[in-house]
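Participant: what's the 3D shape of this:
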Amino acid sequence: MHDTTLGQIRPYTAADWAVVSQIHDAARPDELRGACDPRAFIPLADDQASLSDFEQSQKFVISIDDHVVGFVGINGKYLGWLYIAPSHYGRGLGRQLLNFALEQIGAGAWTIALAENRRAVELYQRAGFAISKTFESDNAGYPCTCARLERA
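Facilitator: Presented below is the predicted three-dimensional model:
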């Protein structure tokens, strides 16, 4: 277990699924806001493509007083998941999870974020990531611009 003053990080277990999916579903509209049509939102439990990626990822949760408030998922060098419950935004928990994930990944970490999701892009940039390219994509059939961020 990884202890700090902000939250405790531990490996994800199947018992965390309900709260993790709730966190994703509560935070995802904020991720899409201003970056993609809000109709692109699909609950995690209903998003087959994302579920496959989620299952393949090594996941960790962060908790406060034994209540899970966020999670991160990595797959090799790819950081594919980083969500914090909206009620816990702005407390440094996302940064704590990101730093933990980077310790696990080592050099060469990369991620994809919605280019207009300034909060996420800036979090990654503060952690040493740089945008290597932007590209047009879609989220559940709705157009969006994505940014690939890489860290040396």
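Participant: ok, which stretches of the protein are strands?
Facilitator: Under the criterion DSSP state E, strands of the chain are mapped to 2-3, 8-11, 58-64, 67-75, 78-84, 110-114, 130-139, 142-150.
Participant: Tell me the spacing between the closest residue to Ala147 other than its chain neighbours and Leu51.
Facilitator: Among residues not flanking Ala147 along the chain, Ala115 sits closest, at 4.2 Å (CB to CB, 6 or more residues apart in numbering). C-beta: built from backbone N, CA, C; applies to glycine. Distance of Ala115 to Leu51, given as CB to CB, to the nearest Å: 24 Å.
Participant: So between these two, which is more surrounded?
Facilitator: Counting neighbours by other CB atoms under 10 Å for Ala115 and for Leu51 shows that Ala115 has the greater number, 21 against 13.
Participant: sorry, back to before: what's near enough to touch the residue nearest to Ala147?
Facilitator: 35, 121, 131, 134, 144-147 (CB atoms under 8 Å, 6 or more residues apart in numbering).
Participant: Just the buried subset of these, written out for PyMOL, thanks.
Facilitator: This is how PyMOL selects the buried members of the contacts of Ala115, with burial counted by 16 or more other CB atoms under 10 Å:
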select buried, resi 35+121+144+146+147
